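S.K.: Next one to model:
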Amino acid sequence: MDRRVVVTGMGAITPIGNNVEEFFDGLVKCKCGIDNITLFDTTNFKVKLAAEVKEYNPENYFDRRAAKRLDRFSQFAMIAAREAMKDSNINENNTDMERVGVIVSSGIGGLSTIEEQNINLNQKGPDRVSPMYIPMAICNMAAGNIAIDLGIKGESECIVTACASGTHSIGEAFRLIRHGYQDAMLCGGCEASITPSGIAGFTTIKALNTTEDKTRASIPWDKERAGFVMGEGAGVLVLEELEHAKKRGARIYAEIVGYGASSDAYHITSPAPGGEGGKRAMINALRDAKISPEDITYINAHGTATPINDKYETAAIKAAFPNSDKLFVSSTKGHTGHLLGAAGAIEAIACVKAIEESIIPPSIGYKVKDEECDLNIVPNKPIEHEVLYAMSNSLGFGGHNSSIILKKYKD
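M.R.: Numbering: from 1, shown residues only. As a prediction, this is how the structure comes out:
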């Protein structure tokens, strides 16, 4: 018999807030985290804007030696994981830490470290490459560092599926608990790719918006959308088997009830025509949750503000939901930019908070209607509305699609 799985802790560090409460408050207050890039000199770059984590000093979270041995993506992951773990109150006195696991993923990993050490290699020679290069750069070290930091001794993994990484991580953690392999999991994603090569690479494949107008840079669903804006940060959720959570008196935010995934098998960057792969992921999640399309109140869409993604995701939602005109749909990437491997994690947190607070966050920056994106997209202002079931979608380069469904908890 499948075990029920609930959310008992959350942590986040984002472009609009450096913890969960600040993050959701920023969503509700329509705060935009997009601004001029400060992490490097953009003089020769077409893209000038990104959504950086604000007022961030690693030495507020780590001692100086530790900070120098952790790439920025791992730092963000550990900060969010510490907040989530503290929020859940899981510890070695109330939980067998060998039954607690971690799946925290990144789409790219330690890109700033890769850049720095390749400069050393080319300018100073191979003997000047840091011995910490590989341990700082590889994607799995976010999960590894969290496990070391928090004493987590169960399964420790990293799923790399580009922009779907965070949602895949939550879905697979859900399965591990539901089928009895673990009692609790820390899961989510992290990213720190606002670097010269990161911005240049996404610019040359024409994925990024090159405008210098912060209010029109990340505009999901808008007819004038012209690409996404790079974001950074991390989100981590604690999932827990229901009876284990109740036994230790945990606070339960929501229940996770469905997970669906699929592959487009079509193209390295473009979604399948008509959003066919995304549609199957959503339908798979609905079947897994054993609910009908009419049960869903709100979808936090992938909604990247690229012309093709928003068009095809609209088609996918309409194909999966005969009642799509009655669904509330929004993309919070107008607030945060696109956090790549961390996007699904912070967007899952947005869904949990929407359920908890009965507030649906909007798609901000929306002005010009696109007839091909004719969903109920909650433009520019939040809506107070009870959310019984929420779905979060993530779609990644390579044709990776993932959807999770969260539910208002009832005993």
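S.K.: Please report how far residue 402 lies from residue 263.
M.R.: 10 Å (C-beta to C-beta, to the nearest Å). From N, CA and C alone the C-beta is placed, and that goes for glycine too.
S.K.: between these two, what contacts are shared?
M.R.: Applying C-beta atoms under 8 Å, 6 or more residues apart in numbering, one finds that no residue jointly contacts residue 402 and residue 263.
S.K.: Quick check: buried residues in stretch 42-62?
M.R.: Taking 16 or more other C-beta atoms under 10 Å as the neighbour-count basis, stretch 42-62 is seen to contain the buried residues 42, 47-53, 56, 58, 61-62.
S.K.: before we move on, what about stretch 62-69?
M.R.: With burial defined by 16+ other C-beta under 10 Å, the residues of stretch 62-69 counted as buried are residue 62.
S.K.: Return it as PDB; C-alpha atoms alone will do.
M.R.: Included here for stretch 62-69 are C-alpha records, laid out as PDB according to Å, rounded to 0.1, in the frame of the first residue of the first chain:
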ATOM      1  CA  PHE A  62      29.700  30.200   6.200                       C
ATOM      2  CA  ASP A  63      33.200  30.800   7.700                       C
ATOM      3  CA  ARG A  64      35.600  32.300   5.300                       C
ATOM      4  CA  ARG A  65      37.500  29.000   4.600                       C
ATOM      5  CA  ALA A  66      34.300  27.100   4.000                       C
ATOM      6  CA  ALA A  67      32.900  29.800   1.700                       C
ATOM      7  CA  LYS A  68      36.100  29.600  -0.500                       C
ATOM      8  CA  ARG A  69      35.600  25.800  -0.800                       C
END
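S.K.: got the domain boundaries for this protein?
M.R.: Taking automatic domain parsing as the criterion, the chain consists of the domains 5-247, 259-407.
S.K.: As JSON lines, the ones you listed with distance to residue 253 would be great.
M.R.: JSON lines is the format used below for the domains of the chain (distance: least, C-beta to C-beta, whole Å):
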{"stretch": "domain 5-247", "distance to residue 253": "4"}
{"stretch": "domain 259-407", "distance to residue 253": "5"}
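S.K.: mind checking how far residue 199 is from residue 210?
M.R.: 11 Å.
S.K.: In a markdown table, list the domains of the chain along with mean pLDDT.
M.R.: Supplementary listing: those in a markdown table, determined by pLDDT from 0 to 100:
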| stretch | mean pLDDT |
| --- | --- |
| domain 5-247 | 98 |
| domain 259-407 | 97 |
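S.K.: Just say helix, strand or coil for residue 240.
M.R.: Using DSSP: H, G, I helix; E, B strand; the rest coil, the three-state assignment for residue 240 comes out as strand.
S.K.: Surely it is in contact with residue 183?
M.R.: Yes: between residue 240 and residue 183 there is a contact under C-beta atoms under 8 Å: 6.8 Å.
S.K.: Near residue 343, how many other residues are there?
M.R.: Around residue 343 there are 36 other residues, counting by other C-beta atoms under 10 Å.
S.K.: in what helix or strand does it lie?
M.R.: helix 343-357 (DSSP states H and E).
S.K.: coming back round to it: just the ones of the buried residues of stretch 42-62 in helices?
M.R.: When the buried residues of stretch 42-62 are checked against helices using DSSP state H, none is located there.
S.K.: can you give me the helices for the stretch 1-150 of the chain?
M.R.: With DSSP state H, counting those that start in this stretch as the definition, the stretch 1-150 of the chain shows helices at residue ranges 20-28, 64-68, 72-88, 111-124, 133-137, 141-150.
S.K.: so residue 242 touches residue 6, yeah?
M.R.: Yes: assessed by C-beta under 8 Å, residue 242 is found in contact with residue 6 at 5.3 Å.
S.K.: Overlap in contacts, those two.
M.R.: Shared contacts of residue 242 and residue 6, defined by C-beta under 8 Å, 6+ apart, comprise 252, 255.
S.K.: Give me the more crowded residue out of those two.
M.R.: Applying other C-beta under 10 Å to residue 242 and residue 6 shows that residue 6 carries more neighbours, namely 26 against 18.
S.K.: List the contacts of that one.
M.R.: With contacts defined as C-beta under 8 Å, 6+ apart, residue 6 is in contact with 239-242, 245, 250, 252-256, 409.
S.K.: ok, now residue 300?
M.R.: Taking C-beta under 8 Å, 6+ apart as the criterion, residue 300 is in contact with 330-332, 347-348, 350-351, 354, 361, 390-393.
S.K.: now the strands: where do they sit in the stretch 201-350 of the chain?
M.R.: In the stretch 201-350 of the chain, the strands defined using DSSP state E, counting those that start in this stretch lie at 233-241, 254-263, 298-300, 328-330.
S.K.: Determine which stretch of the ones you listed is the most buried.
M.R.: Per residue and on average, the most neighbours among the strands of the stretch 201-350 of the chain fall to strand 233-241, with a mean of 31 (mean count of other C-beta atoms under 10 Å).
S.K.: Name the strands paired with that one and say parallel or antiparallel.
M.R.: Strand pairing for strand 233-241, determined by DSSP bridges: strand 5-13 (antiparallel), strand 184-191 (antiparallel).
S.K.: Rebuild those as JSON lines, extending it with distance to residue 314.
M.R.: Compiled in JSON lines, the strands paired with strand 233-241 are given as follows (distance: least, C-beta to C-beta, whole Å):
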{"stretch": "strand 5-13", "distance to residue 314": "27"}
{"stretch": "strand 184-191", "distance to residue 314": "24"}
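S.K.: wait, which of those strands is closest to residue 283?
M.R.: Comparing these against residue 283 with C-beta to C-beta, the closest turns out to be strand 5-13 (20.6 Å).
S.K.: burial measure for residue 294, as a count.
M.R.: Residue 294 is surrounded by 12 other residues when neighbours are defined as other C-beta under 10 Å.
S.K.: quick one, what contacts the residue nearest to residue 133 when sequence neighbours are not counted?
M.R.: In space, and not counting its chain neighbours, residue 133 is closest to residue 117: 4.4 Å by C-beta to C-beta, 6 or more residues apart in numbering. Contact partners of residue 117, counting by C-beta under 8 Å, 6+ apart, are 129-130, 133, 137.
S.K.: between those residues, which is nearest residue 294?
M.R.: For residue 294, the nearest member of those is residue 137. The distance, counting by C-beta to C-beta, is 46.2 Å.
S.K.: Alright, I will stop here.
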